[in-house]
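Participant: Build me a model from this:
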Amino acid sequence: MKIDLNSDMGEGFGPYRLCDDEALMKVVSSANIACGFHAGDPDTMARMVRLAKENGVGVGAHPGLPDRLGFGRREMPFSADELRQQMLYQLGALTAIARAEQVSVAHVSFHAAMGNMVNRDPVLADLMMDAIRTVDPSLIVFAMPDSIIAQAAARAGLKTLLLFLADRAYDAHGKLVARGLPGAVIKEEDALRARVRQFLKIGTVTTIEGETLAVPARSILVHSDTPGSLELAQIVRSEIEATGATIAPAAEIVG
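Facilitator: Model prediction:
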């Protein structure tokens, strides 16, 4: 079986770095590159594309809200059309930078608050998916299983790659536990290994309430801003390889 291991990359700005992107790019198979709104800038985007190309990593756009101070995690009162234009602006910027490096953008993965807003509103989700399809109907949309985004992508005829978030706790409804709540972010090695092993072997996760939840995903996400993200990604990769599965970028899995 092929499994994608992805992370949000290039989420610094100018000389500021959020994580060791160079080292992390050697571990993952897909990179969700920040496109200049919640984080990133043209030079950082180009550096990420070049790193991805050097390491055989799939390139994806990671659009977010224009909120650097809040790291794109605070919802903002934009209209649906404004959100559509912001997403297209960022996707277009990364597409141009990648094309100049002879690299194709393969997927789209929404960041934080923008993703939450899209995933709560089927009308907005349809608007976003139609816009993505217009830009490139071959783009793969990263989404949580049985989510509004996944459903909208299917209606638009777009391919999806369903995600399992290794470093975030789930509740009994399959939603992520809000950051800031106890146990919301998984950072301990033993806990992470156990979660990833459970997902890989039986396709489930134990929720924060202690229930077992099915997770029909083919891609594992490790957030680069989680403390120790490089080590966490290396742990996830080692667990994937231990099962005999092959780590591959999204395009090779959904293809």
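Participant: Helices of the stretch 1-150 of the chain, residue ranges please.
Facilitator: Counting by DSSP state H, counting those that start in this stretch, the stretch 1-150 of the chain has helices at residues 21-24, 42-55, 80-100, 112-120, 122-135, 148-155.
Participant: packing partners for the first one?
Facilitator: This means helix 21-24. When contacts are defined as 3 or more Cβ pairs under 8 Å, 6 or more residues apart in numbering; DSSP states H and E, helix 21-24 sits against strand 2-9, helix 42-55, helix 229-242. C-betas here are computed from N, CA, C, even on glycine.
Participant: Check which residues of it are buried.
Facilitator: Buried residues in helix 21-24, defined by neighbour count with 16 or more other Cβ atoms under 10 Å: 21, 24.
Participant: How about the fourth one?
Facilitator: When burial is assessed from 16+ other Cβ under 10 Å, helix 112-120 yields the following buried residues: 112-115, 117-119.
Participant: Also the longest one?
Facilitator: Buried residues in helix 80-100, counted by 16+ other Cβ under 10 Å: 83-84, 86-88, 90-91, 93-95, 97-98.
Participant: got the helices of the stretch 1-150 of the chain as a markdown table, with distance to G10 and mean pLDDT columns?
Facilitator: Output for the helices of the stretch 1-150 of the chain, formatted as a markdown table (distance: least, Cβ to Cβ, whole Å; pLDDT from 0 to 100):
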| stretch | distance to G10 | mean pLDDT |
| --- | --- | --- |
| helix 21-24 | 6 | 97 |
| helix 42-55 | 4 | 98 |
| helix 80-100 | 10 | 98 |
| helix 112-120 | 15 | 97 |
| helix 122-135 | 20 | 98 |
| helix 148-155 | 22 | 98 |
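Participant: Out of those helices, which is closest to L69?
Facilitator: L69 sits nearest to helix 112-120 of all the helices of the stretch 1-150 of the chain, at 12.7 Å, using Cβ to Cβ.
Participant: Just the pLDDT for the spatially most central residue of the chain.
Facilitator: With distances taken as Cα atoms, centre = their mean, S109 lies nearest the centre of the chain, 4.8 Å away. At S109, the model reports a pLDDT of 98.
Participant: List the residues that contact it.
Facilitator: 6, 8, 32, 60-62, 115, 141-142 (Cβ atoms under 8 Å, 6 or more residues apart in numbering).
Participant: ok, of these, which one's closest to Q198?
Facilitator: For the contacts of S109, the nearest to Q198 is N6 (19.3 Å; Cβ to Cβ).
Participant: Please convert the helices of the stretch 1-150 of the chain to CSV, extending it with distance to I202.
Facilitator: CSV is the format used below for those (distance: least, Cβ to Cβ, whole Å):
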stretch, distance to I202
helix 21-24, 28
helix 42-55, 31
helix 80-100, 35
helix 112-120, 26
helix 122-135, 30
helix 148-155, 21
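Participant: picking up where we left off before, of the contacts of S109 - the most surrounded one?
Facilitator: Within the contacts of S109, most neighbours by other Cβ atoms under 10 Å means H62, with 33 neighbours.
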